[in-house]
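> quick one: sequence plus predicted model below, questions after.
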Amino acid sequence: MPREAKTRREHLLHGTFSQAKPERPSYYQGGRPKFPAHLSKVGRQEMKRLVRILLERGTATEGDYALAAMCAEVYARWVELKRQTGDEYMVTTQVTDNNGNLRTVTRVNPLLKILAQTESRLQSLMKDLGLSPKDRDKVKPTAPNAKEEIIPGSIADLYPNLVQMEKK
């Protein structure tokens, strides 16, 4: 198992320098994804929430609209399925056996299988957007939009040469 990398503070204390390559910001321009018109009411609310989170983190791009819309719509389906399922994990149905006699059978609610698939898909989409705890740090902040003003303390303010190099 590899040793964990030293922090910047540990390097300063030991008088050493990091051999790791400096992390470069993303080359992609930041921006707000468009909102598709086909989203349901719950999906639209979730899309707004997702976009707000991505913008606060500085990882949103205009190209994320399809992935964010899918995530929002899957979330809306998940909420609806949970509402329909409620507390009914087992359902009672009438079935006929081979002799034609009616029997009452208790089975697992068939919506639970669809609900589990929806949860799995939602988790996968959230992971792709960098919204899971494990993937949060893997997503790079986007490059500042050239049309936007430079905010003090932002990457563009701290590294103006890097932003100018990308424009060329």
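Noted; the coordinates are in hand.
> so residue 34 touches residue 65, yeah?
Yes: with contact defined as CB atoms under 8 Å, residue 34 reaches residue 65; the gap is 4.9 Å. C-beta here means a position set from N, CA and C on the backbone, and glycine is covered the same way.
> can I get stretch 66-77 in PDB? Just the C-alpha atoms.
Only the C-alpha atoms of stretch 66-77 are listed here, as PDB (Å, rounded to 0.1, in the frame of the first residue of the first chain):
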ATOM      1  CA  ALA A  66     -27.800  16.800 -20.800                       C
ATOM      2  CA  LEU A  67     -26.200  15.100 -17.900                       C
ATOM      3  CA  ALA A  68     -27.700  17.500 -15.400                       C
ATOM      4  CA  ALA A  69     -31.200  17.100 -17.100                       C
ATOM      5  CA  MET A  70     -31.000  13.300 -17.000                       C
ATOM      6  CA  CYS A  71     -30.000  13.400 -13.300                       C
ATOM      7  CA  ALA A  72     -32.900  15.800 -12.500                       C
ATOM      8  CA  GLU A  73     -35.400  13.600 -14.400                       C
ATOM      9  CA  VAL A  74     -34.200  10.400 -12.800                       C
ATOM     10  CA  TYR A  75     -34.500  12.200  -9.500                       C
ATOM     11  CA  ALA A  76     -38.100  13.100 -10.300                       C
ATOM     12  CA  ARG A  77     -38.900   9.500 -11.200                       C
END
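> related to what we said a few turns ago, who's more crowded, residue 34 and residue 65?
residue 65 (18 against 14; other CB atoms under 10 Å).
> identify the residue spatially nearest to that one, adjacent ones excluded.
With CB to CB, 6 or more residues apart in numbering as the criterion, residue 65 has its nearest non-adjacent residue at 3.7 Å, and that residue is residue 33.
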